[in-house]
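> only the shape, not the letters, is given here:
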């Protein structure tokens, strides 16, 4: 997956239109509700899946919630503060990831400072994920970069689709420190000799990978069968 763009992985199932027939046109399948709540619904669902894939405790009912159920809970114009998620890790419940959804408007230094100052018990957090509706300027990004807790930034448009569920994306498994050492010993390699994946890669961002981690990538094809390779995050 190194240096591979995933920008076009969204898929819309085509609907055949028959004039005057039983099949309705695709327009009739479109959501007629407020677009803002639909955007938040899609992004929040992907975030929940992402947290689960990172090892956090997420109830299945949160992920399988329908758009109608989402609107019944959060309303047609959701308050971003009510969308927050604080999920503990199953392996260590005291370690948590906090997800903050921002409302419309550019995030500047003052807003970034306000967001961080209003987070209680930051010492218990492993990561903070910020979901942006609009742009963030350089000064705001500097505020987040200087935070003692690592802050990840995701534009909301990157979260409308879970890229890891696409048929073209292979299976990714993050190796533990012990598994990484066993791999390097087995093949008598230095870790920087493994083909690399950048920390900014979409898959690396999804899993929250950090530099020097190693990922096992498994491809399955009818032609080649199963193929296993590894990527070093840099």
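Received the coordinates, thanks. Nothing here was measured: the structure is a model prediction, and the numbers come from that model.
> can you list the low-confidence ranges for the chain?
Applying pLDDT under 70 to the chain flags the ranges 1-30, 224.
> give me that answer again for 90
For the chain, the stretches flagged by pLDDT under 90 are 1-33, 121, 123-124, 167-168, 190-193, 220-226.
> the lengthiest helix in it - contacts with which helices or strands?
Of all segments of type helix in the chain, defined using DSSP state H, the longest is helix 35-53. Applying 3 or more CB pairs under 8 Å, 6 or more residues apart in numbering; DSSP states H and E, we find helix 35-53 packed against helix 60-64, helix 67-74, strand 85-88, strand 96-101, strand 125-132, helix 202-207. All C-beta spots, glycine's among them, are computed from the backbone N, C-alpha and C.
> residue 49 against residue 162, yeah?
Yes - shown here, residue 49 and residue 162 form a contact pair, counting by CB atoms under 8 Å, at 5.2 Å.
> run a quick neighbour tally on residue 130.
22 (other CB atoms under 10 Å).
> so what's it up against?
100, 102, 107, 115, 144, 151-154 (CB atoms under 8 Å, 6 or more residues apart in numbering).
> give me that answer again for 10 Å
Shown in contact with residue 130 (CB atoms under 10 Å, 6 or more residues apart in numbering): 98-102, 107, 112, 115-116, 136, 140-141, 144, 151-155.
> and the helix or strand harbouring residue 229, which residues are buried?
Element membership of residue 229, judged by DSSP states H and E, is strand 225-233. Neighbour-count burial for strand 225-233 flags 230-233 (criterion: 16 or more other CB atoms under 10 Å).
> wait, which of the residues you listed is closest to residue 41?
Distance to residue 41 across the buried residues of strand 225-233 (CB to CB) is lowest for residue 233, with 31.0 Å.
> quickly note the distance from that closest one to residue 211.
Residue 233 sits 6 Å away from residue 211, going by CB to CB, to the nearest Å.
> shared neighbours of these two, which are they?
Common neighbours of residue 233 and residue 211 are listed as 198-199, 204 (criterion: CB under 10 Å, 6+ apart).
> how about the contacts made by the nearest residue to residue 62 once chain neighbours are set aside?
Leaving aside its sequence neighbours, residue 62 sits nearest to residue 48 (CB to CB, 6 or more residues apart in numbering; 5.3 Å). Taking CB under 10 Å, 6+ apart, we find residue 48 in contact with 56, 58-60, 62-65, 85, 87, 99, 162.
> again with residue 84
Counted by CB under 10 Å, 6+ apart, residue 84 has contacts 44, 98-101, 119, 131.
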